[in-house]
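In: one predicted model, sequence on top.
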There are 2 protein chains.
Amino acid sequence: MTTYIEPKILKGFRDFLPKAEMIRRDLTETIESTFRSFGFVPIDTPALEYAEILLGKGGGETEKQIYRFSDNGGRDVALRFDLTVPFARYVALHRGELVFPFKRYHIGKVWRGENTQRGRYREFTQCDFDIIGSDSPAADFEIILLIYSAFKNLGVDVSIHVNHRGLFNRFLTHIDQVDKSVEVLRAVDKLAKIGDDEVRKLLTELTGSANAQKIIEFISAKGSFSETLQCLTDLSGGVSPESERLSVLHQYMIDALGRKENDTQDEPFVLAPSITRGLDYYTGVVFETFLKELPDIGSVCSGGRYDNLAGLYSKDKNTVSGVGTSIGLDRLIAALESLEKLPAAGSHTTAITCVNAQKSGEYQALAQKLRKAGIACEVLSGGENSDTSQSADKLLVKQFILAEKKGLRYVIIPNEDPSGGHVTLRDLSNRQNQELSLEEVIYKLNCG
Amino acid sequence: MTTYIEPKILKGFRDFLPKAEMIRRDLTETIESTFRSFGFVPIDTPALEYAEILLGKGGGETEKQIYRFSDNGGRDVALRFDLTVPFARYVALHRGELVFPFKRYHIGKVWRGENTQRGRYREFTQCDFDIIGSDSPAADFEIILLIYSAFKNLGVDVSIHVNHRGLFNRFLTHIDQVDKSVEVLRAVDKLAKIGDDEVRKLLTELTGSANAQKIIEFISAKGSFSETLQCLTDLSGGVSPESERLSVLHQYMIDALGRKENDTQDEPFVLAPSITRGLDYYTGVVFETFLKELPDIGSVCSGGRYDNLAGLYSKDKNTVSGVGTSIGLDRLIAALESLEKLPAAGSHTTAITCVNAQKSGEYQALAQKLRKAGIACEVLSGGENSDTSQSADKLLVKQFILAEKKGLRYVIIPNEDPSGGHVTLRDLSNRQNQELSLEEVIYKLNCG
């Protein structure tokens, strides 16, 4: 009797077919090479950690969503649900081995038992990047410029909305409402969801109508970066370290991209006082990133500055502050797909046809020459050795079809003597053949 | 009261510091680009699957080592312990969506609750590659050539030991001992461990001394590929489909690498009849890969041809046969480390010094120019904004030290006006400064 097991996968988990996986890998490579171009270095941490470490102070949504179990040794373990908590633990453990300011990236899978009805996955990839051990505004700016450059390299323009958590707090102090800051932040955070009027209602209940008016004025300030900053500075009682920091940041933006001071045309950086990232642990600059051609999908890369990354896992009194963010690969792919800006998969290889299986070794020798010249080259299968019933022409046609299925544009048809000088290059898109020397083929495939 | 959680990681799991992770990523990239150069395409599968799927027919070591638990929905799930079982399930599930012959690679982490005292890890990375849906010897050869090329691209020469499981069985049939094949294979597999004499003793007990002598003769056959093949063919009763297949394979090897027939000098391919991969599920060609400069660490890449990959998960009567293998990244890294052939990490970036934090934006503009020219370039931290007590010279020296810690050879010291033509390039290895135009810097850093 034959055993049979139904081949199924868990809800919220995904298999990736070659085309999808190629795109994922190509995008990751673009992001990674941008990280590297800024001198950021990679790290990795285990998928599985002590549950106590991952849950930290514990509680809330995390506890419900985490994959947690007892391992064979009876240890209480869990799969990481983000890359931030493991990073905090990592920094506490390896502090003496790291070079500060530490600029690291981490690309890896994380797992959450999300409700899949909301279109969420239970396994997904995050790309985190942070600079820790530096309080300087240059570090804030470097992260923002890195976001800008990563998306630029992916072929999309972004608008990065920046704010300073401390400036909002200073403003609340100035209008004597800082004791209600948590509730106010929570209300302000709902702006995009419920609209001005509803937020005003909530704020009036909390702080009275005069203060609500001022808060609405603050979070609605618009204009160029400098104009908005001037307005926020005035509303928060004049120049402060926080307004100064935003001013320095703005100067960096102008200098780095060579823009004119008040040129708002295509400005990639916007001062957006409604961004507070309300309930997160950020303490300084915060930011959200929107695709210029697809703003409605919301922020594709949010983050900010925090005070004490490793505090929970460290007895060291010198805290490690930093600034950082994360790109969610799945959301990015969905966005690029809508914009028809996904990289083409499978077009970066050619194939050598094989009508005589006995010559497979010689075909591979030809392929090795192309590979050495940087051309990905597959040798197609010539049917089984015993299969001599098919004519060479029929075999060729079968292989053209196969190559097209693989998304290839060109195939190479070797001559009777594959080591001889010339081959036939077939363009599958227009069914044209060309007799070319190997050097000509290499030039054509490498240089278009 | 402050909460404190001790920052520890699970036994058998590892954090990767930047240098180690850079090396892992660079090696993976080399292997992956070799796969791609052969037209192999990537796939991915979930880390977590139904335990039933992963355990298959179940039993044995796997069951004891697997990380298995009930998820929040009460499903019996487990972490994948290899990439072969998920691939079998994947092929059964997506058969209609794949293009055959299907040449895929899969690089991913797997988890086993191994005994860590034996120096094993509980989380490690595998790089699997297979061709399925082709019975041809050209496919066998392509996998072997791919192994050869991947290690060549990693900078090491290998010796790939090849055999045919069917030829050994034919030989056992010829001497009328095929009913004891499992026991004989088990004994032969111990050759490297216990030596000729002990294996002879075991075989004599099993098959009598005359047969034991013949078996020893078979597995000890030596010489060039052709000589050994002739000997094995004679011992197994003359030319057979299996001996023919090895002969075809040998011809491919000669043709592809352009070698002379009996040139054993530096021969990368060896016919090694003692390799049977005894208890594995291989049915045709089998192979093991040894590093020429470090053969004692054993095979770094073993595999072979199998009959029916997805059988357990498929009701389809058309079986999917294939040929494939796996490179273990950790073992490879240990081997390259012994050979001092690990890629240098961290040397592929330069840094711009920063003695005036106010100019951070201009320094980043300069860095962006280098990045566009393909040079990874970091802007060093100029100390905190408020820190004006340090002289520019002291700041520079601190940044030289920092750059050296990061493994950089060159730093760029911008002039007073960073947008101006010239910069100072400092070679940290000999402390020499050079005044250069930006074009000269780019040329020097890109072209050595």
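Out: Here it is on my side, so go on.
In: who are the packing partners of the helix or strand hosting A:Ile412?
Out: In this assignment (DSSP states H and E), A:Ile412 forms part of strand A:410-414. Using 3 or more Cβ pairs under 8 Å, 6 or more residues apart in numbering or on different chains; DSSP states H and E, the elements in contact with strand A:410-414 are strand A:349-352, helix A:360-372, helix A:392-405, strand A:422-427. Bear in mind the C-beta positions are built from the backbone N, C-alpha and C, glycine included.
In: nearest to chain B, of those?
Out: Among the helices and strands packed on strand A:410-414, the nearest to chain B by Cβ to the nearest Cβ is helix A:360-372 (2.8 Å).
In: now the closest one - C-alpha only, CSV.
Out: The C-alpha trace of helix A:360-372 is given here as CSV (Å, rounded to 0.1, in the frame of the first residue of the first chain):
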residue,chain,number,x,y,z
SER,A,360,26.2,18.0,-24.1
GLY,A,361,29.8,18.3,-22.9
GLU,A,362,30.7,20.5,-25.8
TYR,A,363,27.6,22.7,-25.3
GLN,A,364,28.6,23.1,-21.7
ALA,A,365,32.1,24.1,-22.8
LEU,A,366,30.4,26.8,-24.9
ALA,A,367,28.2,27.8,-22.0
GLN,A,368,31.2,28.1,-19.7
LYS,A,369,32.7,30.7,-22.1
LEU,A,370,29.5,32.8,-21.9
ARG,A,371,29.3,32.4,-18.1
LYS,A,372,32.9,33.7,-17.8
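In: after it comes which helix or strand?
Out: Proceeding C-terminally, helix A:360-372 gives way to strand A:376-379 as the next helix or strand, assigned by DSSP H and E.
In: buried residues, that next one. List them.
Out: Under the neighbour-count criterion of 16 or more other Cβ atoms under 10 Å in any protein chain shown, strand A:376-379 has A:Ala376, A:Cys377, A:Glu378, A:Val379 buried.
In: what's the answer for stretch A:9-26, then?
Out: Of all the residues in stretch A:9-26, those buried under the rule 16+ other Cβ under 10 Å are A:9-10, A:12-26.
In: which residues are in contact with it?
Out: Contact with stretch A:9-26 is made by A:113-114, A:116, A:120-123, A:125, A:329, A:333, A:342-343, A:345-346, A:407, B:32, B:41-46, B:48-50, B:71, B:75, B:77, B:89-90, B:93-94, B:97-98, B:104, as judged by Cβ atoms under 8 Å, 6 or more residues apart in numbering or on different chains.
In: just the CA coordinates of it, formatted as CSV?
Out: The C-alpha atoms that make up stretch A:9-26 are tabulated as CSV, following Å, rounded to 0.1, in the frame of the first residue of the first chain:
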residue,chain,number,x,y,z
ILE,A,9,0.9,24.6,3.5
LEU,A,10,-0.2,26.5,6.6
LYS,A,11,-2.6,29.4,6.3
GLY,A,12,-0.7,32.8,6.1
PHE,A,13,2.5,31.1,4.9
ARG,A,14,3.7,31.1,1.3
ASP,A,15,5.6,29.1,-1.3
PHE,A,16,7.5,31.3,-3.7
LEU,A,17,7.5,30.3,-7.3
PRO,A,18,10.7,31.0,-9.3
LYS,A,19,9.5,34.3,-10.8
ALA,A,20,8.2,35.7,-7.5
GLU,A,21,11.4,34.6,-5.7
MET,A,22,13.6,36.1,-8.3
ILE,A,23,11.9,39.4,-7.9
ARG,A,24,12.2,39.2,-4.2
ARG,A,25,15.9,38.4,-4.4
ASP,A,26,16.6,41.1,-7.0
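In: next, the residue in the stretch 151-300 of chain A positioned nearest to chain B: phi, psi?
Out: Chain B sits closest to A:Asp255 of the stretch 151-300 of chain A, with a gap of 2.8 Å, by Cβ to the nearest Cβ. As for A:Asp255, its main-chain torsions (degrees, to the nearest 10) stand at phi -70, psi -40.
In: check it and give its pLDDT.
Out: Listed pLDDT for A:Asp255 reads 92.
In: related to what we said a few turns ago, contacts for the strand holding A:Ile412 next, please.
Out: Contacts of strand A:410-414 (Cβ under 8 Å, 6+ apart): A:350-353, A:359, A:362-363, A:366, A:370, A:377, A:380, A:396, A:399-400, A:403, A:423-428, A:433, A:441, A:445.
In: enumerate the residues of the stretch 251-400 of chain A near chain B.
Out: Remark: the part of the stretch 251-400 of chain A in contact with chain B comprises A:251-258, A:310-315, A:346, A:348-349, A:351, A:354, A:357-362, A:364-365, A:367-368, A:371, A:375-379, A:381-385, using Cβ under 8 Å from any Cβ of the partner chain.
In: name the nearest residue to the residue minimising distance to the centre of chain A, sequence neighbours excluded.
Out: Nearest to the geometric centre of chain A sits A:Ile327, at 3.1 Å (Cα atoms, centre = their mean). Distances taken as Cβ to Cβ, 6 or more residues apart in numbering or on different chains put A:Cys127 closest to A:Ile327, at 4.4 Å, once the chain neighbours are dropped.
In: got a markdown table for the helices and strands packed on strand A:410-414, with mean pLDDT and mean neighbour count too?
Out: Formatted as a markdown table, the helices and strands packed on strand A:410-414 follow (pLDDT from 0 to 100; neighbours: other Cβ atoms under 10 Å in any protein chain shown):
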| stretch | mean pLDDT | mean neighbour count |
| --- | --- | --- |
| strand A:349-352 | 89 | 23 |
| helix A:360-372 | 93 | 22 |
| helix A:392-405 | 90 | 16 |
| strand A:422-427 | 94 | 17 |
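In: quick one, which of those gets closest to B:His174.
Out: helix A:360-372 (29.4 Å; Cβ to Cβ).
In: helices or strands next to the closest one in the packing?
Out: Helices and strands in packing contact with helix A:360-372 are listed as strand A:349-352, strand A:376-379, strand A:410-414, helix A:438-447, helix B:137-153, helix B:241-257; criterion 3+ Cβ pairs under 8 Å, 6+ apart.
In: redo that, cut-off 10 Å
Out: Helices and strands touching helix A:360-372, as assessed by 3 or more Cβ pairs under 10 Å, 6 or more residues apart in numbering or on different chains; DSSP states H and E, comprise strand A:349-352, strand A:376-379, strand A:410-414, helix A:438-447, helix B:18-37, helix B:137-153, helix B:241-257.
In: export those as JSON lines, with columns for distance to B:Val286.
Out: Formatted as JSON lines, those follow (distance: least, Cβ to Cβ, whole Å):
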{"stretch": "strand A:349-352", "distance to B:Val286": "27"}
{"stretch": "strand A:376-379", "distance to B:Val286": "22"}
{"stretch": "strand A:410-414", "distance to B:Val286": "30"}
{"stretch": "helix A:438-447", "distance to B:Val286": "35"}
{"stretch": "helix B:18-37", "distance to B:Val286": "21"}
{"stretch": "helix B:137-153", "distance to B:Val286": "10"}
{"stretch": "helix B:241-257", "distance to B:Val286": "11"}
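In: nearest to A:Pro137, out of those?
Out: With Cβ to Cβ as the criterion, A:Pro137 lies closest to helix B:18-37 of those, at 24.6 Å.
In: residue of the stretch 101-250 of chain A nearest chain B, please.
Out: A:Ala138 (3.8 Å).
In: report how many residues lie close to that residue.
Out: 28 (other Cβ atoms under 10 Å in any protein chain shown).
In: likewise A:Val41?
Out: Neighbours of A:Val41 (other Cβ under 10 Å): 24.
In: ok, it touching A:Pro101?
Out: No. Distance between A:Val41 and A:Pro101: 11.7 Å, which falls outside the contact criterion (Cβ atoms under 10 Å).
In: shared neighbours of those two, anything?
Out: B:Glu378 (Cβ atoms under 10 Å, 6 or more residues apart in numbering or on different chains).
In: so, low pLDDT: which residues of the stretch 151-300 of chain A?
Out: By pLDDT under 70, the low-scoring segments of the stretch 151-300 of chain A are A:259-266, A:278-280.
In: would you map the helices across the stretch 1-150 of chain A?
Out: Ranges of helices within the stretch 1-150 of chain A are A:18-37, A:51-55, A:60-65, A:84-94, A:137-153, based on DSSP state H, counting those that start in this stretch.
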